[in-house]
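K.L.:
pasting the sequence and the predicted coordinates here, then a few questions.
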Amino acid sequence: MTIDRKAAIAAYKERKTIAGIFLVRCAATSEAWVGQAPNLETIQNRIWFTLRQGGHPCRSLQAAWNAHGEAGLTFGECERLEDEDSAYVRNALLKERALHWQAELKAEAI
C-alpha cells in the first residue's frame, strides 16, 4: 500500500504543467481580465477561491463577482505556451503574451 502511495506521489510531482494566458469575462458588464499562470490547470480554482473569500487583489474583478456571482463570470484559456526548461524565459514569455492579450481584448490585468 505504501509503495502505491509513494508511486502516486512521485507521478504527481513529475507531471507536466501547462503555462499560459487565461481570460475571465463578466457577461453582464462585458468586462474582461487577463492573467498569466505557470499552471493553467489550477489557476481557475485559485481565483474562484479568493473571490469566494472576498479577498481577490483585483478590486474590479472582486466587484464583478460580488455583483453577479460565480454564474456571471466565465473562465477561458487564451494561449498555452510550449514547454520551456528555463523558468526565466518562461516567465518573460508569459509576461509578454499577457500584455499582448490585454491589448487585444481590451482587458484589465489580474
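P.N.:
The structure has been received and is ready for your questions.

K.L.:
grab the nearest non-local neighbour of K95.
P.N.:
Q36 (6.7 Å; C-beta to C-beta, 6 or more residues apart in numbering). Just so you know, the C-beta spots here come from the backbone N, C-alpha and C atoms, and that holds for glycine as well.

K.L.:
over to N91?
P.N.:
Spatial nearest neighbour of N91, chain neighbours left out: P38 (8.0 Å); criterion: C-beta to C-beta, 6+ apart.

K.L.:
so the one you found makes contact with A19?
P.N.:
Yes. Counting by C-beta atoms under 8 Å, P38 touches A19, with 4.9 Å between them.

K.L.:
mutual contacts of the two, please.
P.N.:
With C-beta atoms under 8 Å, 6 or more residues apart in numbering applied, the overlap between the contact sets of P38 and A19 consists of 90, 94.

K.L.:
compare those two (neighbour count), which wins?
P.N.:
Set side by side, P38 and A19 give different neighbour counts by other C-beta atoms under 10 Å, the larger being at A19 (22 against 15).

K.L.:
give the next helix or strand downstream of the helix or strand bottoming out on mean pLDDT in the chain.
P.N.:
Every helix and strand of the chain was ranked by mean pLDDT, DSSP states H and E. The lowest is helix 2-14, at a mean of 79. Beyond helix 2-14 in the direction of the C-terminus, DSSP states H and E gives the next helix or strand as strand 20-26.
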